[in-house]
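Enquirer: Quick one, fold the following:
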Amino acid sequence: MSMVKIDMNSKEFIERMEKTVKFTDKVIKQFGWEYNPQKEVNEGVQMGLARNKMMYNKLFCPCFMVEEVDGKPQSVDNRICPCTPAIEEEIPNHGSCHCGIFCTPKFAEEKRAELGIAKDEKSSVNILSKEECEALFNDFEISSEKTIALLKARELGITDFKLIDVREYAEWQANHIKGTDLLIPTSDFKQMLENAKLDKDENLLIYCLSGQRSLTIAHNMSQMGYKKIGHLTDGLASYGGQKEQG
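Expert: A predicted model of the protein is given here:
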């Protein structure tokens, strides 16, 4: 078989990724499994499944070779997700499938304990569609989970928005959400907002430590004519995504 190159930044791949994540979510629910607590494991498998679907029109397991048999692509051991060996042997006997994305609740709990990961931390980031992203900025209240999903969607080129921290400079230096675009402290907000020259029609997501300052600022900005504003409901204190210092 000739090599087929897939552009992972293309619209087609992004759309296929959205469908693949919905598919693995459905499998999890159907069998009563859990995702691997390690996010990178799940994302890697989902990307491989999406790639194989585009290349072969089948959800071949990305951990096994695909060969041409009688002119048709075929996975070793007929590994099509969720594969029979995983359902009948690997997960019941070992706690997880060969690829590692699907686990029993017990296996996932033990892995979280081993890695020091909190139980409520999401093991897989939901891939939002463009329409779902736009709808969130009309909802005003945006959860930690949805903020993580929005940042992932922005990284994939599905949506665009500015993430704004309204805490003070010392708080920003201590830590802030990775991917924050602007620091506009509440203490000098009007002047710094004017200097930022934001478009009143663009998507804006505001956060503080607990959600109180961001709520007030978001209401004020709405009264000033900014049309698409969301605020991180419970603030940085509840945020389960990546943070950075400085």
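Enquirer: Could you name the helices and strands sitting against the lowest-mean-pLDDT helix or strand in the chain?
Expert: In the chain, no helix or strand scores lower on mean pLDDT, DSSP states H and E than strand 66-69, which sits at a mean of 81. The contact analysis (3 or more CB pairs under 8 Å, 6 or more residues apart in numbering; DSSP states H and E) places strand 66-69 against strand 72-75. In short, each C-beta sits where N, CA and C put it, glycine included.
Enquirer: Any buried residues in the strand it packs on, and which?
Expert: By 16 or more other CB atoms under 10 Å, the buried positions in strand 72-75 come out as Q74, S75.
Enquirer: which residues are contacting the helix or strand following it?
Expert: Counting by DSSP states H and E, the element after strand 72-75 in chain order, helix or strand, is helix 84-85. Residues from elsewhere that reach helix 84-85 (CB atoms under 8 Å, 6 or more residues apart in numbering): D77, N78, R79, H98.
Enquirer: Quick one: residues contacting the second one.
Expert: Residues near N78 by CB under 8 Å, 6+ apart: T84.
Enquirer: Check the last one too.
Expert: If a contact means CB under 8 Å, 6+ apart, then H98 has C61, C63, F64, P85, A86, E90 as its contacts.
Enquirer: Go through those residues and give me the one with the most neighbours.
Expert: Most neighbours among the contacts of H98, by other CB atoms under 10 Å: C61, with 26 neighbours.
Enquirer: gap between it and G48?
Expert: Taking CB to CB, to the nearest Å as the measure, C61 falls 8 Å from G48.
Enquirer: go on, L156?
Expert: Distance, L156 to G48, using CB to CB: 16 Å.
Enquirer: Likewise for K243?
Expert: Taken as CB to CB, the span from K243 to G48 is 29 Å.
Enquirer: and I164, that's in a strand?
Expert: Yes - using DSSP: H, G, I helix; E, B strand; the rest coil, the assignment for I164 is a strand.
Enquirer: immediately after the lengthiest helix in the chain, which helix or strand?
Expert: The longest helix of the chain (DSSP state H) is helix 11-31. Using DSSP H and E, the helix or strand that follows helix 11-31 in sequence is strand 34-35.
Enquirer: what about F23, neighbour count?
Expert: F23 has 17 neighbours, counted by other CB under 10 Å.
Enquirer: Chain neighbours aside, what residue packs nearest to it?
Expert: Leaving aside its chain neighbours, F23 sits nearest to L59 (7.2 Å; criterion: CB to CB, 6 or more residues apart in numbering).
Enquirer: just N9 next, same as before
Expert: G157 is the one closest to N9 (CB to CB, 6+ apart), at 6.4 Å.
Enquirer: And E155, by the same measure?
Expert: Leaving aside its chain neighbours, E155 sits nearest to G179 (8.0 Å; criterion: CB to CB, 6+ apart).
Enquirer: cool, T216 as well?
Expert: According to CB to CB, 6+ apart, the nearest residue to T216 is T186 (7.8 Å).
Enquirer: Would you confirm that the one you found contacts I217?
Expert: Yes - with contact defined as CB atoms under 8 Å, T186 reaches I217; the gap is 6.4 Å.
Enquirer: follow-up on the earlier one: and for the residue nearest to E155, the neighbour number?
Expert: Residues lying near G179 (other CB under 10 Å) number 18.
Enquirer: measure it to P73 for me?
Expert: 38 Å.
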